[in-house]
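*Asks:* Build the 3D model from these lines:
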Amino acid sequence: MFTVTNGIFCHFAHHIRGHAGPCISLHGHTWQFEITLQAEELDKQGFVVDFDILHERVLQPCHDLLDHGLAIGSETWDETHELLEKLGEVLVESRREFTGDLGERQAGLDGELGTAHNRWLGGIKVAVFPFIPTSERLAKWLFELTDAMLQEPRVQVHSARVYETMHPSELIAEYRPSR
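*Replies:* Numbering: from 1, shown residues only. Down below sits the predicted model:
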């Protein structure tokens with residue numbers, strides 16, 4: 001069995017709806033999304049999957065969806081999008097003081113990525129998921145997204161890891177289906 005692992009870093013904030021501790025507040029992390037693929041046989045070029053393909057089809061779209069954004073669940077979205085719109089307008093308006101205009105909308109995704117999508121509220125990027133975006137749920141989402149995006153019968157997704165905090169110690173959530 002051959003395995004390969006590839007990952008990407010993202011900086012984004014999230015909110016854990018109903019959390020009994022400090023994660024009820026909006027807070028951010030430097031995240032790493034990591035995917036491990038496996039195959040019994042290599043392709044004609046000697047790869048499980050070319051790292052560039054995994055990066056282009058899965059990791060870069062995840063980065064585009066999340067980097068420098070806010071990840072929230074759909075229930076939180078339903079309850080807060082009007083307030084976030086006003087907050088976004090105020091935050092983006094602050095550019096005018098320094099640059100003289102509102103600048104350009106930051107990069108993101110148009111359309112769906114798996115079950116998530118971007119919304120721009122007053123100019124700030126929000127990633128909306130159909131679940132509360134904990135590390136564990138994001139790891140499962142990443143696994144399922146990778147499986148759907150690759151569609152390579154010879155290759156299986158072994159695991160998807162989400163590193164929530166890179167400093168001072170690693171806190172890792174991993175999803176691997178039972179087989």
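*Asks:* and the closest residue to residue 59 other than its chain neighbours, how many residues sit next to it?
*Replies:* Spatial nearest neighbour of residue 59, excluding adjacent residues (C-beta to C-beta, 6 or more residues apart in numbering): residue 8 at 4.1 Å. Placement of C-beta: from N, CA and C, glycine included. Residue neighbour count, defined by other C-beta atoms under 10 Å, stands at 19 for residue 8.
*Asks:* swap in residue 18?
*Replies:* Neighbours of residue 18 (other C-beta under 10 Å): 11.
*Asks:* How about residue 103?
*Replies:* Residue 103: 12 neighbours (other C-beta under 10 Å).
*Asks:* Equivalent analysis for residue 11, please.
*Replies:* Count around residue 11 with other C-beta under 10 Å applied: 13.
*Asks:* how about it, what does it touch?
*Replies:* Applying C-beta atoms under 8 Å, 6 or more residues apart in numbering, we find residue 11 in contact with 28-31, 67-68.
*Asks:* Give the pairing partners of the lowest-mean-pLDDT helix or strand in the chain; include direction for each.
*Replies:* Using mean pLDDT, DSSP states H and E, the weakest-scoring helix or strand in the chain turns out to be strand 171-175, at a mean of 79. With DSSP bridges as the test, strand 171-175 is paired with strand 156-165 (antiparallel).
*Asks:* Name the residues of the partner strand that are buried.
*Replies:* 156-164 (16 or more other C-beta atoms under 10 Å).
*Asks:* now do stretch 63-77
*Replies:* Quick answer for stretch 63-77 (16+ other C-beta under 10 Å): 63-67, 69-73, 76-77.
*Asks:* now swap in stretch 108-120 and tell me
*Replies:* Buried, per 16+ other C-beta under 10 Å, within stretch 108-120: 108-109, 113-114, 116-119.
*Asks:* And the strands in the chain?
*Replies:* 2-14, 27-39, 70-73, 112-113, 116-121, 124-129, 156-165, 171-175 (DSSP state E).
*Asks:* Out of the ones you listed, flag the one nearest residue 21.
*Replies:* strand 27-39 (10.9 Å; C-beta to C-beta).
*Asks:* tilt between that closest one and strand 2-14?
*Replies:* Going by axes from the mean of the first three to the mean of the last three C-alpha atoms, to 10 degrees, strand 27-39 is angled at 160 degrees with respect to strand 2-14.
*Asks:* Return the closest of the buried residues of stretch 108-120 with respect to residue 138.
*Replies:* Of the buried residues of stretch 108-120, the one sitting nearest to residue 138 (C-beta to C-beta) turns out to be residue 116, at 9.4 Å.
*Asks:* Good, we can wrap up now.
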